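Colleague: this one's sequence-less:
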């Protein structure tokens, strides 16, 4: 297998992984102590306001930062599973009525750090603000939240009723729509530092409020001092923050939730590379929760850090993918061809990547429903790769559709047209398969994986020009193009895995990614049958509609599926408890961490 041979030259020999069970939790926690969490390279904190634009819509900004300060209405991480966690949520489970067109939410007794109650009007404030600024919200899908909410009414101080435009699957609406809501304090209803706004009562007045809040969120150096961000309802409040992403938190003394912090301080530390983090980890005890780079992962049962740390894989509720820009002015028409995307999928040697580069800490990508976290959604027949590694199959697809395949050279279109054996609509005669792919320079395995893809693709005459950048820069390169235009120049992007984590939409439907016109549809993929299947998932409870969508999306390959790595191989200081199990939602709960006597 060519891909296997290439990767074997890059990586070390095959190895096994070692696993460690969680440390005992029977000892009594003590109050106090400090723990430092190591941020992944290129994934430092960049945004505090809980209505993120696309470049800021990352697990680092939300799961390891915003949610520690400003709690969402509902929490879905429950140990290592993905489920509504009513115990730690700010509201009781929603109640559906009137043929699932009305949703009533009753809040629990939470307080803001300024002494005010977290109440129904705070939810209305969020709803008004998100309605006015929906096109700025990276999670916006036209026709769905907040468009599908006809009205929201505070029925009392602690109860809100949403009236919907028609019936929806209660599971989908709870997990993918109510999940987005983050109650906002009245202290944020402002148009300037000196002037209050009226967004909490009037939607038309919210544009100015959003402009002010998002502008303040762009001033990273003031995160720890700005009075806006001092009003929190989460377990932590920000003590200090630097523009490189370093942050220190102390407990919110007015926190009303059930799991109050044990630690006296919690820190997040950025690193420019996995090697610099690992050097720090090996040198001493300045990091309590860090990570082992995949290339340094345990081999042959040996623990590289000894008894000072325990090692635990962090599986993730997401998947890895490489978007292709279907509106690129040069190659958009090629990327729009299903057979071409299938051919590219055949060129990804996922088994070798998982075995050699990830050292077993990951799983092959078979589609957009996660395959490496136990779940009730994915049928067993969807856990195999529909387009397994095969250079011969990739060549056959190209040849059958009018391309002159030139191994080691450049393959070109010889039969333009829309027939079954032609290159496809919009692909001109002589079009060369010369692609560009920008990838994240960390972790190391991402670059090694795309180098292998480049070598394998050359065997069928596909030339891939590679360049690298920090992960945040790669994500920032994404522009969802409405049409072919010279400014929309990117072709393929790979910021690593998980490329997508299901948050704050936790039900693994794909409207955010594959519905025509959605904000996260990076490649501008558009397909009427896909829209129909996604609409059915949204409206119909049960697994049948989800499985029908998953079967179709796997065949379509709207993005290239790549292996889903563990979020990281976590190294936990042996004297720190409460870190395990790790949430599959890219989030942390340092309020549960503690030391013992």
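Modeller: Yep, it's here. Just so it is clear, the structure is predicted and the values come from calculations on it, not from any experiment.
Colleague: every contact and neighbour count from this point should use C-alpha atoms.
Modeller: Fine.
Colleague: nearest spatial neighbour of residue 185, skipping sequence neighbours?
Modeller: Spatial nearest neighbour of residue 185, excluding adjacent residues (CA to CA, 6 or more residues apart in numbering): residue 122 at 5.8 Å.
Colleague: wait, a helix at that neighbour?
Modeller: Yes: per DSSP: H, G, I helix; E, B strand; the rest coil, residue 122 lies within a helix segment.
Colleague: how close does it get to residue 458?
Modeller: As judged by CA to CA, to the nearest Å, residue 122 and residue 458 stand 56 Å apart.
Colleague: number of residues surrounding residue 295?
Modeller: Neighbours of residue 295 under the rule other CA atoms under 10 Å: 18.
Colleague: tell me how far the spatially closest residue to it that is not a sequence neighbour lies from residue 383.
Modeller: Nearest residue to residue 295 in three dimensions, chain neighbours excluded: residue 357, at 6.7 Å (CA to CA, 6+ apart). Applying CA to CA, the value for residue 357 to residue 383 is 21 Å.
Colleague: list the buried residues for stretch 414-426?
Modeller: Using 16 or more other CA atoms under 10 Å as the test for burial, stretch 414-426 gives 414, 415, 416, 417, 421, 422, 423, 424.
Colleague: now do stretch 202-214
Modeller: Buried residues in stretch 202-214, counted by 16+ other CA under 10 Å: 203, 205, 206, 207, 208, 209, 210, 212, 213, 214.
Colleague: what do you get for stretch 213-232?
Modeller: Neighbour-count burial for stretch 213-232, with 16+ other CA under 10 Å as criterion, is recorded at 213-214, 216-217, 220, 222-224, 228-232.
Colleague: how about stretch 169-185?
Modeller: Residues of stretch 169-185 classed as buried by neighbour count (16+ other CA under 10 Å): 169-185.
Colleague: what does stretch 279-291 give?
Modeller: If you call a residue buried by 16+ other CA under 10 Å, then stretch 279-291 has these buried ones: 280, 281, 282, 286, 287, 288, 289, 290, 291.
Colleague: also stretch 86-101?
Modeller: Buried residues in stretch 86-101, counted by 16+ other CA under 10 Å: 88, 89, 90, 91, 92, 93, 94, 96, 100, 101.
Colleague: how far does it sit from the chain's center?
Modeller: From the chain centre to the centre of stretch 86-101 is a distance of 25 Å (CA atoms, centre = their mean, to the nearest Å).
Colleague: what about it, start to end distance?
Modeller: With CA to CA, one end of stretch 86-101 sits 22 Å from the other.
Colleague: how about the strands in the stretch 451-597 of the chain?
Modeller: Taking DSSP state E, counting those that start in this stretch as the criterion, the stretch 451-597 of the chain contains strands spanning 463-469, 492-494, 500-501, 560-562, 564-565, 568-573, 595-596.
Colleague: ok, residue 110 - how many residues close by?
Modeller: As a burial measure, residue 110 scores 19 neighbours (other CA under 10 Å).
Colleague: walk me through the domains of the chain.
Modeller: Domain assignment for the chain, taken from automatic domain parsing, gives 29-70+234-314+569-597, 71-212, 321-500.
Colleague: neighbour count: residue 357 and residue 383, which is higher?
Modeller: The neighbour count for residue 357 versus residue 383, taken as other CA under 10 Å, is higher for residue 357 (27 against 16).
Colleague: low pLDDT regions in the protein?
Modeller: Regions of the chain meeting the criterion pLDDT under 70 cover residues 1-26, 299-302, 372, 374-376, 378-382, 483-486.
Colleague: so for it, the centremost residue is which one?
Modeller: Closest residue to the average C-alpha location of the chain: residue 501 at 3.1 Å, with CA atoms, centre = their mean.
Colleague: ok, that residue touching residue 315?
Modeller: No: under the criterion of CA atoms under 8 Å, residue 501 is not in contact with residue 315, lying 10.9 Å apart.
Colleague: tally of neighbours for the spatially closest residue to residue 593 that is not a sequence neighbour?
Modeller: Among residues not flanking residue 593 along the chain, residue 578 sits closest, at 4.5 Å (CA to CA, 6+ apart). Residues lying near residue 578 (other CA under 10 Å) number 18.
Colleague: touching, residue 578 and residue 588? I think so.
Modeller: No: judged on CA under 8 Å, residue 578 makes no contact with residue 588 at a distance of 10.8 Å.
Colleague: related to what we said a few turns ago, nearest to residue 523, of the strands of the stretch 451-597 of the chain?
Modeller: Closest of those to residue 523 is strand 492-494, at 8.7 Å (criterion: CA to CA).
Colleague: just checking, what packs against the closest one?
Modeller: Counting contacts by 3 or more CA pairs under 8 Å, 6 or more residues apart in numbering; DSSP states H and E, strand 492-494 is packed against strand 318-322, strand 434-440, helix 471-476.
Colleague: deepest-packed of those, please.
Modeller: Ranked by mean neighbour count under mean count of other CA atoms under 10 Å, the helices and strands packed on strand 492-494 are led by strand 318-322, which reaches a mean of 26.
Colleague: list the strands paired with it, with their directions.
Modeller: Applying DSSP bridges, strand 318-322 is found paired with strand 500-501 (antiparallel), strand 560-562 (antiparallel).
Colleague: show me how far the next helix or strand after that strand is from its chain's centre.
Modeller: Going down the chain from strand 318-322, the next helix or strand is helix 332-335, by DSSP states H and E. Relative to its chain's centre, helix 332-335 lies at 26 Å (CA atoms, centre = their mean).
Colleague: show residues contacting helix 332-335.
Modeller: The contact list for helix 332-335 (CA atoms under 8 Å, 6 or more residues apart in numbering) reads 324, 325, 326, 327, 340, 341, 424, 425, 426, 427, 484, 491.
Colleague: buried residues of it, list them for me.
Modeller: Buried-residue list, helix 332-335, by 16+ other CA under 10 Å: 332, 333, 334, 335.
Colleague: and if you look at stretch 108-118?
Modeller: When neighbours are counted by 16+ other CA under 10 Å, the buried residues of stretch 108-118 are found to be 108, 110, 111, 112, 113, 117, 118.
Colleague: ok, now stretch 439-447?
Modeller: Buried residues in stretch 439-447, counting neighbours by 16+ other CA under 10 Å, are found at 439, 440, 441, 442, 443, 444, 445, 446, 447.
Colleague: so where do the helices sit in the stretch 401-550 of the chain?
Modeller: Assigned by DSSP state H, counting those that start in this stretch, the stretch 401-550 of the chain shows helices spanning 444-457, 471-476, 511-514, 528-539, 543-556.
Colleague: can you say which of those helices is nearest to residue 252?
Modeller: Closest approach to residue 252 among the helices of the stretch 401-550 of the chain is made by helix 471-476 (29.7 Å; CA to CA).
Colleague: tell me what that closest one is packed against?
Modeller: Here helix 471-476 touches strand 434-440, strand 492-494, going by 3+ CA pairs under 8 Å, 6+ apart.
Colleague: tell me which residues are up against the last one.
Modeller: Residues lying outside strand 492-494 but in contact with it, judged by CA under 8 Å, 6+ apart, are 321-325, 435-440, 446, 474-475, 478.
Colleague: among those residues, which pair sits farthest apart?
Modeller: Every pair of the contacts of strand 492-494 checked by CA to CA; the farthest is 325 and 446, at 19.6 Å.
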